[in-house]
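Enquirer: sequence first, then the predicted structure, then my questions.
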Amino acid sequence: MRPSEHSAKMTAQQVRLDTKRIGRQVGDRTTLDLLNAENDASAADLALLQARIDTLQSRLRLDALAGKRDTQRLQVINDALQP
């Protein structure tokens, strides 16, 4: 999946988590439902981060193969890794 697809999935999981929290507060959902939603949201976060890392690694490999690895390109990658 592309990072944008992971981002959409992460947003959907966050909405699901919020819905489960409300459901738990009003007694419509169980604690297990909430924990499962939290786990799914965390998995979506992790998948998005992994997709971003994979994209950056691919960019580094491509730059290396093209002989275009320089400090400016490395700085762009480094900046992308910042939260």
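Expert: Looks like it arrived, so ask away. Predicted model, so just to flag it, every value in this text is computed and none were measured.

Enquirer: contacts made by stretch 7-14 with the rest, please.
Expert: Contact partners of stretch 7-14, identified using C-beta atoms under 8 Å, 6 or more residues apart in numbering, comprise Met1, Ala37, Asp40, Ala41, Ala43, Ala44, Asp45, Ala47, Leu48. C-beta here means a position set from N, CA and C on the backbone, and glycine is covered the same way.

Enquirer: what's the farthest-apart pair in these?
Expert: Met1 and Ala37 (20.2 Å; C-beta to C-beta).

Enquirer: by contact count, what packs against the longest helix belonging to the chain?
Expert: Selection of the longest helix in the chain by residue count, based on DSSP state H, yields helix 31-65. Helix 31-65 sits against helix 3-25, helix 71-81, with contacts defined as 3 or more C-beta pairs under 8 Å, 6 or more residues apart in numbering; DSSP states H and E.

Enquirer: wait, which of those helices is closest to Asp54?
Expert: Proximity to Asp54 (C-beta to C-beta) singles out helix 3-25 among the helices and strands packed on helix 31-65, at 8.7 Å.

Enquirer: helix/strand/coil for Asp28?
Expert: Applying DSSP: H, G, I helix; E, B strand; the rest coil to Asp28 yields a three-state assignment of coil.

Enquirer: roughly how far does it sit from Lys20?
Expert: 9 Å (C-beta to C-beta, to the nearest Å).

Enquirer: give me the more crowded residue out of these two.
Expert: For Asp28 versus Lys20, the count of surrounding residues by other C-beta atoms under 10 Å is larger for Lys20: 23 against 11.

Enquirer: what about the residue lying closest to that one once chain neighbours are set aside, how many neighbours?
Expert: On the basis of C-beta to C-beta, 6 or more residues apart in numbering, the spatially nearest residue to Lys20 that is not a chain neighbour turns out to be Ala37, at 4.0 Å. One way to gauge burial is a neighbour count; for Ala37, by other C-beta under 10 Å, it gives 22.
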